[in-house]
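Asks: From the sequence below, what's the structure:
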Amino acid sequence: MIEKKRILIVDDEPDIVKLIEVSLTKYGYDTISAANGQEALDIIRNKIPDLILMDITLKGEMDGIETATQIHYSFDIPVIYLTAYADDEKLARAKETQPYGYILKPFENRELKAAIEIGLYKAEVENQLKAVTEELRISTAGFQNIVGKNIDGIIVVDRNKIVKFLNPAAENMFGVKIEQVIGKEFSFSIAAGEVTNVEITRSGGNRGVGEMLTVETQWEAKPAHLVSIRDITDRNKAKNKLKKHKHKPEKFHTAAAGREPMLMDIKKQDI
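Replies: This next block holds a predicted model:
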């Protein structure tokens, strides 16, 4: 059975509250009501509604906007304002509470129904996006923790080839520090599924050969490429023995003047 959505009506005019309750009950919603801001906050603490219809010009210590402000920061429940008239100052204050809509008095039932449906839909979408964002944040943190200990070099670049991440193994292979390359562009070609041999620096400072593989991925919910580099120097030596390599590893040179050639061409990102 589908659970009914609960709507809190905050208005100090009993006749209007009654009209809204009748309409919402007809449309399949549960309703609760409050006549002032403090009563509304007390109700919310005990019975969290799915959406709130809030009269802007409430009587009492708190008007509707101040009440909505406390709700926005403490409960994060969608609010739709009910108003017959509001001056520019009140409208400016109301916007700061990030309402999900406005309903002008007097209103028709279909306007009320549409505003609530849209408000509930927007709230649902936003909650889903928040959940996805949190999962991605956790996934990214977990990814960094895992690949940080990987012996293969790992680099993540966005669709514009701007470096978003590299692990310590990649730093050692290419003789760079993470702060030198994050946010900058790498010059080597990137194509998903493509395998390329590149020159790397091995432990002890000796040169070696790395096998670079690129695959498509996502980084912070955006399309990106993951580049992995594996040291295949010993494998190549065993395979080819004393034979000369038919193809020399592709080299990349640093743009930093006065430094020994590196494996990657780092360019400043245009701002």
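Asks: Against residue 107, how distant is residue 68?
Replies: Relative to residue 107, residue 68 is positioned 18 Å away (criterion: Cβ to Cβ, to the nearest Å). All C-beta spots, glycine's among them, are computed from the backbone N, C-alpha and C.
Asks: scratch that, residue 67
Replies: Distance from residue 67 to residue 107, by Cβ to Cβ: 20 Å.
Asks: Which one's more surrounded, residue 68 and residue 107?
Replies: The neighbour count for residue 68 versus residue 107, taken as other Cβ atoms under 10 Å, is higher for residue 68 (28 against 16).
Asks: quick one: pLDDT of the residue nearest to residue 191 when sequence neighbours are not counted?
Replies: Leaving aside its chain neighbours, residue 191 sits nearest to residue 214 (6.1 Å; criterion: Cβ to Cβ, 6 or more residues apart in numbering). At residue 214, the predicted lDDT confidence score is 84.
Asks: repeat for residue 25
Replies: Looking at residue 25, its pLDDT reads 95.
Asks: and it, what does it touch?
Replies: Neighbouring residues of residue 25 by Cβ atoms under 8 Å, 6 or more residues apart in numbering: residue 31.
Asks: and the gap between it and residue 64?
Replies: Remark: distance between residue 25 and residue 64 (Cβ to Cβ) = 23 Å.
Asks: again with residue 183
Replies: Using Cβ to Cβ, residue 183 is found at 45 Å from residue 64.
Asks: more crowded one of the two?
Replies: Applying other Cβ under 10 Å to residue 183 and residue 64 shows that residue 64 carries more neighbours, namely 29 against 11.
Asks: you'd agree that one is up against residue 56?
Replies: Yes - here residue 64 reaches residue 56: they are 4.3 Å apart, a contact under Cβ atoms under 8 Å.
Asks: Show me whatever sits in contact with both of those two.
Replies: Common neighbours of residue 64 and residue 56, using Cβ under 8 Å, 6+ apart, are 81-82.
Asks: picking that back up, name the helix or strand for the residue nearest to residue 191, please.
Replies: Residue 214 is located in strand 207-219, with elements delineated by DSSP states H and E.
Asks: contacting residues for residue 161?
Replies: If a contact means Cβ under 8 Å, 6+ apart, then residue 161 has 185-186, 190 as its contacts.
Asks: Perfect, that will be all.
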